[in-house]
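Peer 1: sequence below, structure please.
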Amino acid sequence: MGKFKRYLFGFKKYSYLLWLRITHDIRAKYKNSFLGILWSLFNPLLQMIVMAIVFSKVFGRQIENMPVYIISGRLIFGFFSDSTTGSLMSICVSAPLIKKVYFPKYILVLSKITSSFIILLISLIDLALVMLVTGAPITIYALYAPLYLLLLYIFVVGCGLILSTLNVFFRDMEHLYGIVVLVLMYFSAIFYPVEIIPVRVQQLLIFNPIYHYITGFRYAVYYGLSPDWSNIIYCVGVSLAFLIVGIVVFKKNQDKFILYI
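Peer 2: Residues are numbered from 1 along each chain as shown. Predicted coordinates for the structure are as follows:
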């Protein structure tokens, strides 16, 4: 209990620094951009339009309201990809700052993920607009969408802590992770229906946590159905497991970072 209070006090003490880092990350992302943060609205829409045009000829008959199907998956996976890639390099790129002044290093990871999460929340406007334009029904089950977003955020924090730690000691992670993200994207059913792939391949999707978050989110906003409780339990378990492992791994190795960055 005493340790928990110290961690809580430490987080509160550096909360202002966290907010500064979040605003810095958002500004840096759109620095020298004419549209600035508006790109967080236009980018998902443009990608959705391109993917809908390309894949509608292939999967158009199997997927009803393809624009909503694509953008609902694209937003979830886009957040995962951007936030984990950013947190992966967050410690190494901040080496000069870490060497000059002491502060909790998890702030760097948390700021990258939280700034991406804020952009995700802004991008949800795109989802609402696409659903409105295409006449997609909005049911009461859409209230479950924030639950999946929260669980996804917790999962990504755990991933970010693990990845940022690994990258300090194994710099090849920066190159390998791009391939990992690409593989995960194709195994997340973002632009194709799961039913068209062989059963053996479908079983591989089970081992991809992002697929489960996308599926749960789609149940809420795309299908408009009551959530699958086994899916919720899975997402809760994975989120907490990755968060606990991430905290343990990061805490155990953070004092060694200064020797490797």
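Peer 1: distance of L147 from Y213?
Peer 2: Going from L147 to Y213 by CB to CB, to the nearest Å gives 11 Å. Just so you know, the C-beta spots here come from the backbone N, C-alpha and C atoms, and that holds for glycine as well.
Peer 1: neighbour count: these two, which is higher?
Peer 2: Higher neighbour count among L147 and Y213: Y213, with 27 against 16, using other CB atoms under 10 Å.
Peer 1: name the helix or strand for the residue nearest to Y144 when sequence neighbours are not counted, please.
Peer 2: Distance criterion CB to CB, 6 or more residues apart in numbering; nearest residue to Y144, sequence neighbours excluded, is A220 at 4.3 Å. Assigned by DSSP states H and E, A220 belongs to helix 209-221.
Peer 1: okay, that helix in CSV with CA atoms only?
Peer 2: Taking Å, rounded to 0.1, in the frame of the first residue of the first chain, the C-alpha atoms of helix 209-221 are listed here in CSV:
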residue,chain,number,x,y,z
PRO,A,209,-4.9,-9.3,-29.8
ILE,A,210,-5.6,-6.4,-32.1
TYR,A,211,-8.0,-8.5,-34.1
HIS,A,212,-10.1,-9.0,-30.9
TYR,A,213,-10.2,-5.3,-30.1
ILE,A,214,-11.2,-4.5,-33.6
THR,A,215,-13.9,-7.2,-33.5
GLY,A,216,-15.3,-5.9,-30.2
PHE,A,217,-15.3,-2.3,-31.4
ARG,A,218,-17.1,-3.4,-34.6
TYR,A,219,-19.7,-5.2,-32.6
ALA,A,220,-20.5,-2.0,-30.9
VAL,A,221,-20.4,0.5,-33.8
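Peer 1: contacts for that helix next, please.
Peer 2: Contacts of helix 209-221 with the rest of the structure, by CB atoms under 8 Å, 6 or more residues apart in numbering, involve 68-69, 72-73, 76-77, 80, 127, 131, 138, 141-145, 148-149, 151-152, 155, 184, 187-190, 205, 225-228, 231-232, 234-235, 238, 242.
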